[in-house]
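[1] need the 3D shape of this:
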Amino acid sequence: MVWGVEDGSRDVTSTTFHPEVATVGNQGLLMWLGQTLDPCPNLQFQELVHPDGRLVVLEIPAATSSPVTFQRNAYIRLGSATPRLNDHRAIEAALWAKLRPFAWERGVALSFVTGDDVLSALDYASYFDLSKQRLPDNRSGIFERLLVDGLLRRETAERWDITNLGAILFAKTLDTFPGLSRKAVRVIQYPGSDRTETLRRLDETRGYGSGFTSLIAYIDSLLPRNEEIGKALRQERPLYPPIAIRELVANALIHQDLTVTGAGPMVEVFADRVEITNPGKPLVEPARFIDMPPRSRNETLASLMRRMGICEEQGSGVDKVLTSVELFQLPPPDFRTDGDSVRVVLYGPRSFSSMTPTERIRASAQHAALRYISGHKMTNASLRDRFGLSSTNAAAVSRIIRDALEAGEIRFADPRAPKSGYVPSWA
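    The predicted model follows:
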C-alpha cells in the first residue's frame with residue numbers, strides 16, 4: 001500500500017500520513033493492526049522522499065501457512081470489491097492449495113538488491129569454505145554457485161533477491177533482513193539454577209552456517225569443567241559431552257518452525273543443566289526422536305547444513321547424544337514439548353542416589369532404545385553399567401526395570417522367557 005499517490009493517475013501528491021502516530025479510536029495503528037490481524041504478518045512501513053512529495057510505503061509479506069484474517073474474517077480482492085473468502089469456496093480451495101507446499105527457505109528475505117548489496121549482506125566466503133568449494137575468481141562465478149544452491153534468485157540482469165535460506169545461513173548480520181533478526185540464536189547464562197539473575201547473554205546475529213563454529217565455542221566456554229591432576233599435568237575434563245551440545249544445538253536450528261514470527265532458538269546455561277529450546281511443535285513425538293526416520297520441515301536447510309558438516313540427516317544425532325550421555329554417566333536428558341516449542345534439558349553430573357524415580361525410568365527407557373536400535377536387548381547388567389553400578393546393586397536396578405515395565409516404557413523382549421531381556425514398548 002502506498003500513501004501519497006493518486007489512485008487513477010498515479011501522480012505523486014504527497015501525504016501527511018505518519019503510521020507511528022496514527023490511531024484507530026484510542027489505539028495506535030500498529031497495535032490495532034497487531035490485534036485485528038491473525039496471524040499478524042511482519043508489516044514494514046517505510047518513508048520515501050520523492051521529488052514531488054513525501055510517500056509512505058507499507059510492505060505486506062505474502063501469507064505462508066494460512067490466510068491472514070481481519071477481525072476473524074478472511075477477505076479476498078475481486079476487482080475493486082473485497083468479499084469474504086468463505087463466500088467463494090473455489091477460490092478458498094485454490095488458496096489453500098497454494099499455501100500447503102510453501103517452503104520457507106524459498107521465500108525472499110531481501111528483494112531487488114544490487115550485486116554489491118548481495119556481497120555486503122552475505123558471508124559468501126564462509127559458504128565456499130564450509131561447502132568445500134574453491135572461491136571463484138570473479139563475481140559471476142560466485143553468483144552462479146549461490147544461485148545453484150538457492151541462496152539467491154535473479155530478478156533482472158543487475159538485480160537479485162536474497163532468499164530466506166541464504167540469509168538465515170550466511171547473513172553477516174541477521175539485522176540486515178527485516179523479519180529475521182528475531183531468528184538469531186540467544187545464549188543466556190545464569191549463575192544459579194533459576195532465571196532470576198542473568199550472568200551473560202549473547203545474541204549470535206550471524207547466519208547459522210557462518211556463525212555455528214563460534215557459537216558452539218562460546219557455549220563450550222560457559223560450561224563447567226572438572227580439573228584432573230595427572231602425573232605431570234593438569235587436565236580439564238568437560239562435564240557435558242561436547243558432541244551432545246553440538247548435535248542438540250544443530251537440531252534446534254534445523255527443526256525449528258521458521259514461519260513462527262518473533263521467536264528463535266535459545267540456549268540457556270544453568271549451574272546444574274543446559275536447556276535448548278526451538279520454536280515449533282515437533283513433527284515426531286519426543287519419545288520417538290531416537291528411532292523414527294528423520295523428518296524436517298526445513299528440508300533444503302537440513303540438506304545444505306548436512307553438506308557443510310554441521311548436522312547429520314541420517315537421524316543418528318539423538319543416538320549420539322544419548323550414547324555420549326551414558327558414557328559420561330549423566331542423568332537422562334529430557335525431550336519435551338513446552339507449548340508450541342520443543343525443549344531439551346541436558347542435566348549435569350549427579351549421583352545415582354540423587355536421581356529421581358522418573359529420571360531412572362527415563363534412563364532405562366532410553367538405554368533400552370539404544371540397545372534395541374543396535375541389535376541388542378537391555379539387561380540388568382547393561383543397565384547397571386549405564387548407571388555405573390556394581391553387581392551388588394542388582395536388586396536396586398531390578399526395581400527400576402519393574403517400575404519401567406509398570407509405566408509402559410519397556411516390555412519383555414520375549415514374554416515366554418523373561419530373562420531374555422527388555423526392549424522399548426514401541427519395539
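[2] what ranges of the stretch 101-250 of the chain fall below the confidence cut-off?
    Scanning the stretch 101-250 of the chain with the threshold set as pLDDT under 70 gives 101-102, 227-234.
[3] all strands for it, in order.
    Secondary structure of the stretch 101-250 of the chain (DSSP state E, counting those that start in this stretch): strands at 108-114, 152-154, 159-163, 185-189, 200-204, 225-229, 234-238.
[4] count the neighbours of residue 352 for me.
    Residues lying near residue 352 (other CB atoms under 10 Å) number 19. To be clear about C-beta, it is placed using only N, CA and C from the backbone, and glycine gets the same treatment.
[5] touching, it and residue 390? I think so.
    No. With contact defined as CB atoms under 8 Å, residue 352 does not count as touching residue 390 (11.0 Å).
[6] if we can go back for a sec, tell me which of the strands of the stretch 101-250 of the chain lies nearest to residue 3.
    Closest of the strands of the stretch 101-250 of the chain to residue 3 is strand 108-114, at 20.5 Å (criterion: CB to CB).
[7] tell me which strands that closest one pairs with, and in which orientation.
    strand 159-163 (antiparallel) (DSSP bridges).
[8] may I see the buried residues of the partner strand?
    Residues of strand 159-163 classed as buried by neighbour count (16 or more other CB atoms under 10 Å): 160-163.
[9] got TSV for those, with distance to residue 241 too?
    As requested, those are exported to TSV (distance: CB to CB, whole Å):
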residue	distance to residue 241
160	42
161	41
162	36
163	35
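[10] and residue 315, what's its pLDDT?
    Looking at residue 315, its pLDDT stands at 53.
[11] what kind of secondary structure is the residue located most distally from the centre of the chain in?
    In the chain, residue 9 marks the outermost C-alpha relative to the chain mean, sitting 46.9 Å out by CA atoms, centre = their mean. Recorded secondary structure, residue 9: coil (DSSP: H, G, I helix; E, B strand; the rest coil).
[12] and it, what does it touch?
    Neighbour list for residue 9: empty [criterion: CB atoms under 8 Å, 6 or more residues apart in numbering].
[13] list the contacts of residue 211.
    Applying CB under 8 Å, 6+ apart, the residues contacting residue 211 are 185, 204-205.
[14] TSV for the strands of the stretch 101-250 of the chain, including distance to residue 335?
    As requested, the strands of the stretch 101-250 of the chain are exported to TSV (distance: least, CB to CB, whole Å):
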stretch	distance to residue 335
strand 108-114	31
strand 152-154	36
strand 159-163	31
strand 185-189	19
strand 200-204	23
strand 225-229	25
strand 234-238	21
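[15] closest to residue 144 out of the ones you listed?
    Residue 144 lies closest, by CB to CB, to one member of the strands of the stretch 101-250 of the chain: strand 152-154, at 9.5 Å.
[16] quick one: strands adjacent to that closest one?
    Here strand 152-154 is paired, per DSSP bridges, with strand 159-163 (antiparallel).
[17] who touches the partner strand?
    Residues outside strand 159-163 that contact it (CB under 8 Å, 6+ apart) are 105-115, 117-118, 121-122, 143, 150-155, 177.
[18] list buried residues within these.
    105, 107-110, 113, 118, 121-122, 143, 150-152, 177.
[19] which residue is the nearest non-sequential neighbour of residue 324?
    residue 241 (3.5 Å; CB to CB, 6 or more residues apart in numbering).
[20] ignore the last one, residue 75
    Residue nearest to residue 75 in three dimensions, not counting chain neighbours: residue 82, with 4.7 Å by CB to CB, 6+ apart.
[21] distance of the one you found from residue 92?
    14 Å (CB to CB, to the nearest Å).
[22] neighbour count: those two, which is higher?
    Per other CB under 10 Å, whichever of residue 82 and residue 92 has more neighbours is residue 92, with 16 against 11.
[23] ok, the more buried one touching residue 75?
    No. Residue 92 is beyond contact range of residue 75, at 11.3 Å (criterion: CB under 8 Å).
[24] overlap in contacts, these two.
    Shared contacts of residue 92 and residue 75 (CB under 8 Å, 6+ apart): residue 85.
[25] okay, domains of the chain per the record?
    2-61, 105-180, 184-350, 353-427 (automatic domain parsing).
[26] and for the residue lying closest to residue 216 once chain neighbours are set aside, the neighbour number?
    Distances taken as CB to CB, 6+ apart put residue 246 closest to residue 216, at 5.6 Å, once the chain neighbours are dropped. Other residues near residue 246 come to 21 when the count uses other CB under 10 Å.
[27] the one 4 residues further on now?
    The criterion is other CB under 10 Å. On that basis, residue 250 has 20 neighbouring residues.
[28] can you show me the helices along the stretch 151-300 of the chain?
    Remark: helices assigned in the stretch 151-300 of the chain by DSSP state H, counting those that start in this stretch are 164-170, 208-222, 242-255, 299-307.
[29] check those for me and report the most buried one.
    helix 164-170 (a mean of 26; mean count of other CB atoms under 10 Å).
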